[in-house]
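[1] Take a look and give me a structure for this.
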Amino acid sequence: MSKGFTSSYRTALLAGLVFTLFGGLGARLFWLHILDRDELLHAVEESRRNIIVENARRGEILDSKGAILATSRPILVLGVDPQALRADDARKWPELSRLIGVSLADIQRVMTTKYYPLAATVGAPAAAAAPLRIISDADEETVLDEPDLRGNRPIRWAKLCDHLDETTYDAVKKLNVKGVYGTRAYQRAYPNNGLAAHVIGYVDHKERPIAGIEHYADFYLRGQNGWVESEKDGLSHEMAQFRTRRVPASDGYSVVLTIDATIQAMAEEEIVRIAEKYQPVKATIVISDPSNGFVLALANYPSFDLNEYSKLPRDEQGRMRNVAVADQYEPGSVFKIVAASAALNEGRVTPESTFDCTLEKIDYNGSVRNLPREDKSDHFDHPLSVAEIIAHSSNKGAAQLAMSVGDRRFYEYARAFGFGQRSGFPVGGEVSGTLRPPEKWDGLTITRMPMGQSIAATALQMTQAMEVIASGGVLLRPQVIREIRDPQGHVVCQFERSEVRRVISEPTARTMARLLMGVASSSGNGIEAAVPGYEVAGKTGTANKLLPVPTASGGSVLRYSDRHHVASFVGFFPASHPKVVISVIVDDADAHCIGGVAYGHSVAAPIFKRLAERLIPVPDLHIQPPLNPQLSKILALGGDHP
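    Okay, the predicted model is just below:
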């Protein structure tokens, strides 16, 4: 019988070939699934795993009415997964460089850096866990994966550039460079540019807080980035059905300030007026609410644009210094409120008590002390009452008021008013000022400190001290944060009036308010601050600056200058029911003043008046004229209540 066309040999050969092929396939499968399984599975996961960073949005900073002072705008950040790059896409890198404005050398560095040494992440949180978002030594925002078999951490995302617009991103996508894709991020923006710059502060390009409320309240403002871990296809598109983990981003909370943008703008407009007219070294305006200590406005000259802070030349970076809390000065005659308040509160004097202000020397504690000189224009031919000492700003009178209470008690009152200590104002850089204890005084300190020499204060401290009188005798903690709100707008924290201590009694505070009204009256030296129809209480200050003077030995010594002054007016109104405290402090405007001297009454008082008049129509302040204008006139002249 025929066996057909197939021989036994051919059948055996074919069968052997089939069995060999299946044996090889089985061996290969055994090799892939058993022997090399872990390494190959890791390689597959490397190529398919997709880690997408979800950036959190930083909370907003708002003014007291809800106006946005700082916000975060969405932007596109272009990055690359170096593990997913194709070799033949390298020819597209020059065009990518041109599109995104990043040098080809930088692009090549990022593209070819595929691993991050494990040792470089030692000490980082959860160094052995994946995925981990860190800032690398190269200062790049980078996403790392878990260590590979050689102990290195594969880089799964590295930033190429930020601030990419949609049109450019569309062009980048058309290049079809595998592994290059964009993520949504946020950029900090300040809609009002330099408004309240020294209060708000700023963050750098990586949203790291640098100064102001941005830094102080960063715990609330900063969000927590999240990520999505899933798989991607050959075109680097996410396959959402394979998501294995999602950590949602948590947006930051918003901070509501006590600053009123309308009032802040007024203060900044007036400080620009000062700068243009007098070209001072620096100037500060502070406006606060004496009922709760809330700061309504804080303006400094010079200032800067929050959106352009990085463009300031090195020699102009002093503009970012918050001189209202970081710089101290000798307050001059404004400080006389401490001596007068102390003597009245201790019952040593009444407003009608008189002092001989023509004396050159006086016996004090068994030794003769030289009294300070009066201003060149002041010649008193009769004993001055306490009311007149305040109204005419007598240096000799202030010294005698302080002597009436003694060194220790006068020092304690100065401390109680807030001098020589930080107020805790939350913008950073605050100094405590200078207030030496009596043990370190010399024989002249008790005669000079009452007139505002031998002591240094910040503009905010002087505002806080005047606020003691306006608040009814209580030292209030100056505050600039009103509320903290979660991303849904719910209030999670609210700040209220905070009393530090009672300094003087309410009757003494009312008496001082009445005496300070005399300063802005026809008989006082601050008539320029008077607002027609309203009760204004305040005090002028013209402080000689301490400047170095060369000595014969080649060194220098500090001496008071007759040509450089700090001019100020600090006051409140309406005096009988205060609504605002206003401080205007101008440093070294002498060169552009008539006579070459910057007096507080001629430089600062008119600005106080302009601000007061502009604040009257502000609805939330509820500023009203006195019910009895004639009574207001009598009080302003230092008379008694009929």
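
[2] show me what contacts the most centrally placed residue in the chain?
    When CA atoms, centre = their mean is applied to the chain, the residue found nearest the centroid is Gly212 (1.4 Å). By CB atoms under 8 Å, 6 or more residues apart in numbering, the residues touching Gly212 are Ala197, His198, Val199, Ile200, Gly201, Tyr202, Asn322, Val427, Gly428. C-beta: built from backbone N, CA, C; applies to glycine.

[3] What strand or helix carries the third one?
    Assessed by DSSP states H and E, Val199 sits inside helix 197-200.

[4] which other helices and strands contact that helix?
    Under the contact criterion of 3 or more CB pairs under 8 Å, 6 or more residues apart in numbering; DSSP states H and E, the helices and strands touching helix 197-200 comprise helix 212-216, strand 295-301.

[5] redo that, cut-off 6 Å
    On a contact count with 3 or more CB pairs under 6 Å, 6 or more residues apart in numbering; DSSP states H and E, helix 197-200 meets helix 212-216.

[6] List of residues touching the next helix or strand after the helix it packs on?
    Counting by DSSP H and E, the next helix or strand C-terminal to helix 212-216 is helix 218-221. With CB atoms under 6 Å, 6 or more residues apart in numbering as the test, helix 218-221 has contacts from Arg58, Gly59, Pro209, Gly252, Tyr253, Ile484.

[7] which two from the residues you listed end up farthest apart in space?
    Farthest-apart pair in the contacts of helix 218-221 is Pro209 and Ile484; separation 15.6 Å (CB to CB).

[8] Using PDB, list the CA coordinates for the biggest strand by length in the chain.
    Longest among the strand segments of the chain by residue count, using DSSP state E, is strand 556-573. Output of strand 556-573 as PDB, limited to C-alpha atoms (Å, rounded to 0.1, in the frame of the first residue of the first chain):
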ATOM      1  CA  SER A 556      33.200 110.400  63.600                       C
ATOM      2  CA  VAL A 557      30.700 111.200  66.300                       C
ATOM      3  CA  LEU A 558      26.900 111.500  66.300                       C
ATOM      4  CA  ARG A 559      25.500 115.000  66.700                       C
ATOM      5  CA  TYR A 560      22.100 116.500  66.200                       C
ATOM      6  CA  SER A 561      21.800 118.300  62.900                       C
ATOM      7  CA  ASP A 562      20.100 121.700  62.400                       C
ATOM      8  CA  ARG A 563      19.600 121.100  58.700                       C
ATOM      9  CA  HIS A 564      18.100 117.600  58.700                       C
ATOM     10  CA  HIS A 565      14.900 116.800  60.400                       C
ATOM     11  CA  VAL A 566      12.000 114.200  60.600                       C
ATOM     12  CA  ALA A 567       8.800 116.100  60.300                       C
ATOM     13  CA  SER A 568       5.600 114.500  61.600                       C
ATOM     14  CA  PHE A 569       2.000 114.900  62.600                       C
ATOM     15  CA  VAL A 570       0.200 112.200  64.400                       C
ATOM     16  CA  GLY A 571      -3.400 112.600  65.500                       C
ATOM     17  CA  PHE A 572      -7.000 111.500  65.300                       C
ATOM     18  CA  PHE A 573     -10.500 112.800  64.700                       C
END
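
[9] Which positions within that strand qualify as buried?
    His564, His565, Val566, Ala567, Ser568, Phe569, Val570, Gly571, Phe572, Phe573 (16 or more other CB atoms under 10 Å).

[10] Please apply the same query to stretch 589-598.
    Applying 16+ other CB under 10 Å to stretch 589-598 flags Ala589, Asp590, Cys593, Val597, Ala598 as buried.

[11] show me the contacts for Glu374.
    So Glu374 contacts Asn395 (CB under 6 Å, 6+ apart).

[12] quick one on the thing from earlier: can I get the contacts of helix 218-221 in a markdown table with secondary structure, neighbour count and pLDDT?
    As requested, the contacts of helix 218-221 are arranged in a markdown table below (DSSP: H, G, I helix; E, B strand; the rest coil; neighbours: other CB atoms under 10 Å; pLDDT from 0 to 100):
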| residue | secondary structure | neighbour count | pLDDT |
| --- | --- | --- | --- |
| Arg58 | coil | 24 | 94 |
| Gly59 | coil | 24 | 96 |
| Pro209 | strand | 21 | 94 |
| Gly252 | coil | 23 | 94 |
| Tyr253 | coil | 22 | 97 |
| Ile484 | strand | 20 | 97 |
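
[13] Closest to Leu475 out of the residues you listed?
    Looking across these and measuring by CB to CB, the closest to Leu475 is Ile484, at 25.0 Å.

[14] quick one: secondary structure of the nearest residue to that closest one once chain neighbours are set aside?
    Leaving aside its sequence neighbours, Ile484 sits nearest to Cys493 (CB to CB, 6 or more residues apart in numbering; 4.0 Å). Secondary structure assignment for Cys493 (DSSP: H, G, I helix; E, B strand; the rest coil): strand.

[15] tally of neighbours for Cys493?
    14 (other CB atoms under 10 Å).

[16] swap in Gly600?
    Residues near Gly600, counting by other CB under 10 Å: 31.

[17] Next: Trp441.
    With other CB under 10 Å as criterion, Trp441 counts 15.

[18] Without its sequence neighbours, what residue ends up closest to it?
    Asp407 (6.6 Å).

[19] Same check on Gly518?
    Gly518's closest residue in space is Ala391 (CB to CB, 6+ apart), at 3.8 Å.

[20] State whether that neighbour is indeed within a strand.
    No: secondary structure assignment (three-state DSSP) places Ala391 in helix, not in a strand.

[21] Read off the pLDDT value for it.
    Looking at Ala391, its pLDDT is 93.

[22] Near it, how many other residues are there?
    Using other CB under 10 Å, Ala391 is surrounded by 26 other residues.

[23] Quickly note the distance from it to Arg188.
    The gap separating Ala391 from Arg188 is 50 Å, by CB to CB, to the nearest Å.

[24] before we move on, the earlier item: hmm, which two among the buried residues of stretch 589-598 are most spread apart?
    Between any two of the buried residues of stretch 589-598 (CB to CB), the greatest distance is 9.5 Å, for Ala589 and Val597.

[25] wait, Asn300 sits on His198?
    Yes: taking CB atoms under 6 Å as the definition, Asn300 is a contact partner of His198 at 5.2 Å.

[26] Those two - which one has more neighbours?
    Asn300 (29 against 26).

[27] In contact with Phe573, which residues are there?
    Tyr534, Val536, Ala612.

[28] can you do 8 Å?
    Val531, Tyr534, Glu535, Val536, Ala537, Gly538, Lys579, Val580, Ile582, Ala612, Ile623.

[29] Sitting in helices, which of those residues do you find?
    Ala612 (DSSP state H).
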